[in-house]
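1. My questions concern the predicted model and sequence given below.
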Protein chains: 2
Amino acid sequence: MDLRTSYQQTSQQLSGHGKRTVDVLQQAFIEVDPNLASDHYGTGEVIERFEQKLAQELGTEDAIFFPSGTMAQQIALRIWADETGNRRVAYHPLCHLEIHEQDGLKELHHLESILLGDDKRLMTIEEVRALPDVASLLIELPQRELGGYLPPFDELEAISHFCHDRGIRLHLDGARLFETLPFYEKTAKEVCALFDSVYVSFYKGIGGIAGAILAGPKPFCTEARVWKRRYGGDLIGLYPYIISADYYYALRKGRMADYYAQAKELAHHFNALDGVWTTPEVPVTNMFHLHFAGEYEAVAARIQAVQVATGIGITGYLVSHDGYCSTEISVGDAYREIRDTERVRLFETLRSE
Amino acid sequence: MDLRTSYQQTSQQLSGHGKRTVDVLQQAFIEVDPNLASDHYGTGEVIERFEQKLAQELGTEDAIFFPSGTMAQQIALRIWADETGNRRVAYHPLCHLEIHEQDGLKELHHLESILLGDDKRLMTIEEVRALPDVASLLIELPQRELGGYLPPFDELEAISHFCHDRGIRLHLDGARLFETLPFYEKTAKEVCALFDSVYVSFYKGIGGIAGAILAGPKPFCTEARVWKRRYGGDLIGLYPYIISADYYYALRKGRMADYYAQAKELAHHFNALDGVWTTPEVPVTNMFHLHFAGEYEAVAARIQAVQVATGIGITGYLVSHDGYCSTEISVGDAYREIRDTERVRLFETLRSE
């Protein structure tokens, strides 16, 4: 058995909303009227209603449902590049577009990326102020690949004002936007007001199947719908994703404060163990990175033994660094299924293994 | 009331498989094990099994499930352009890429299209033989926008040999490939053997929700998976489309000969009416174009009256031409729900209106 298998065989997990199975879809469709018409290439009640609902929640003029955030964000940056006549976009070196999209932005749009910050920290406002002439700046809230850091809200405001003054379009990679709201103590609308365009995802903290919303001003969205057709994202029916996004959004948008509190509690317990620490030390959303001192084999064997002994899954993978290993924890509905006594036993077992 | 509304209110239709509602999804998922794991960014049993099944059916080395044919075909043509170092692709002027994709192929890949044939007929083998140097030739079987014509199989073979000799990659737009097999009296594998790459759709004759397969040699598919990620088509979960595609493929792939026979029968009845004709006059697949002499208002009023009187839907739209109007008929499961006496009444009513 390996670490991944031992994780898959656990009956409970610290992260997520339970296993990603067909049940996620079946649950969302139980109560749906079988006679409800499919959306039809971007039109129809089922898609238009959800788009308008999210435009209202985000406080934007319009919103578009996309099959993926990859597609949505490339299109956003392309539109801002065309509008400003500038091919340069700035973002963090760990930005999704830079590391997870096979260079789609460059291969499909020939845009040039300017990297701000480094792989240990967020970009700073000084780095933003020192930007060369760019079409747009993308900010990811929280910065997922760092474990979920957020800049203070007043720094976001300062960045927003600076970009506005300089004519730089500010785009929000808000894949986990709803997860940031308890820390900021703001509404989605108040955060989005700082940005020219916004992307949010429906399968991270929300736990839907897939799909994203891209939101912004009307002319921006009109142009984005043309690009959605060009990409082949304007499917004859996106309703499997839309209906599940709507269902899980209603179910979980009110739970983000709980996930955040539980992530802080969990990080506190991990940080009390010898040779174990989290980044951020005190989480600011539902997520954090979890680090274990030691080489891969030893750390994997320890976690695997704990998972087998307790039936509680910590993780299925580790990334090796020099002298330690890391993984990601992202709290959702699964965590609250773990009873206090089971959680106590988990940490006792971790301490003794 | 307008023509479209009168069509929507009919209880039976000549075309299609019944209304495109959420029930299409719910039916496909009734028997699926809730514990079946989602696919995960292109990996996992649910996607790999279907891809391998279709590779076998089409006789190709590999196959990839895509959310849309638009995405799949642009990628196919881009790969052949890169492989040959030639930016020119040839296809019919009514090709989907030329008229329905907001010029995605040109905007995203800067490929140049060479148009063969015209909007009244298929391309000829003489036109193919006169091609300038191009990377690839796309052939659509059947040519949907013409009403569904097919070249004779021996002409396809001759085109295939010519392209092979000239180093031109031959791509099949087989959105309706399964619908062509009864006329050709060939297997899908035998048709696909003439092509270097193949796209098939799962929501036309098959009647799934959305989704497509792109199939070809292994190196081509490896490259296509990279482009699928670049496009944002590599969703965390495509299973809503895959499971429904698999379900309706199993249900309907054996019915294509029936649809074809019924389309011929139906076209025969229409051609027996004064001022009404079909193209092709004798269909070669499940589809044909249906034409009515007269101006839009008169033709729409006539069809609307028939739809209200009989409860049988002919069409919800008409395209106006000089002195006549046209629409598309595409036979599926809905047609066999219409009893003989009802069909007789439909044509009697059409004759008297």
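-> Nice, thanks for sending it over.
2. What residues are bridge-paired with the nearest residue to A:Tyr91 once chain neighbours are set aside?
-> Of all residues not flanking A:Tyr91 in the chain, A:Leu138 sits nearest, at 4.0 Å (C-beta to C-beta, 6 or more residues apart in numbering or on different chains). Where C-beta positions appear, they are placed from N, C-alpha and C, glycine not excepted. Going by DSSP bridges, A:Leu138 is paired in beta bridges with A:His171.
3. How much space separates A:Leu138 from B:Leu194?
-> 46 Å (C-beta to C-beta, to the nearest Å).
4. Distance check, the residue nearest to A:Tyr91 against chain B.
-> Look at A:Leu138 and chain B: by C-beta to the nearest C-beta, to the nearest Å, they are 15 Å apart.
5. what does A:Lys264 give?
-> Distance, A:Lys264 to chain B, by C-beta to the nearest C-beta: 27 Å.
6. any idea how far that residue is from B:Gln74?
-> 46 Å.
7. With neighbour numbers in mind, choose between these two.
-> B:Gln74 (26 against 19; other C-beta atoms under 10 Å in any protein chain shown).
8. hang on, that one packs against B:Glu101?
-> Yes. Counting by C-beta atoms under 8 Å, B:Gln74 does reach B:Glu101; the two are 7.4 Å apart.
9. joint contacts of the two?
-> A:Gly232 (C-beta atoms under 8 Å, 6 or more residues apart in numbering or on different chains).
10. you'd agree A:Ser330 is up against A:Asn286?
-> Yes. Assessed by C-beta under 8 Å, A:Ser330 is found in contact with A:Asn286 at 6.0 Å.
11. between these two, what contacts are shared?
-> Counting by C-beta under 8 Å, 6+ apart, the residues touching both A:Ser330 and A:Asn286 are A:Gly205.
12. Of the two, give the one with the bigger neighbour count.
-> A:Asn286 (32 against 23).
13. wait, what's in contact with the more buried one?
-> Taking C-beta under 8 Å, 6+ apart as the test, what A:Asn286 contacts is A:148, A:176, A:179, A:205, A:256, A:259-260, A:262-263, A:330-332.
14. mind redoing it with 7 Å?
-> A:179, A:205, A:256, A:259-260, A:263, A:330-332 (C-beta atoms under 7 Å, 6 or more residues apart in numbering or on different chains).
15. Just give the closest residue to it, not the sequence neighbours.
-> According to C-beta to C-beta, 6+ apart, the nearest residue to A:Asn286 is A:Tyr259 (3.6 Å).
16. and the helix or strand containing the one you found, which residues are buried?
-> Element membership for A:Tyr259, per DSSP states H and E: helix A:256-271. Going by neighbour count (16 or more other C-beta atoms under 10 Å in any protein chain shown), the buried part of helix A:256-271 is A:256, A:258-260, A:262-264, A:266-267, A:270.
17. Also stretch A:180-190?
-> A:180-184, A:186, A:188.
18. One more: stretch A:61-78?
-> So for stretch A:61-78, counting by 16+ other C-beta under 10 Å, buried means A:62-78.
19. Keep only those of those that are in helices.
-> A:69-78 (DSSP state H).
20. At the contact with chain B, which residues of chain A appear?
-> Contact residues (C-beta under 7 Å from any C-beta of the partner chain) of chain A with chain B: A:20-23, A:25-26, A:29, A:32-38, A:67-68, A:70-71, A:74, A:101-104, A:107-108, A:203, A:209-210, A:226, A:229-233, A:235-237, A:239-240.
21. If you drop the residues flanking it in sequence, what lies closest to A:Arg225?
-> Nearest residue to A:Arg225 in three dimensions, chain neighbours excluded: A:Ile64, at 6.0 Å (C-beta to C-beta, 6+ apart).
22. Okay, that neighbour and A:Glu45: tell me how far apart.
-> Going from A:Ile64 to A:Glu45 by C-beta to C-beta gives 16 Å.
23. what does A:Ala301 give?
-> A:Ala301 is 54 Å from A:Glu45, by C-beta to C-beta.
24. Who has more neighbours out of those two?
-> A:Ala301 (13 against 10).
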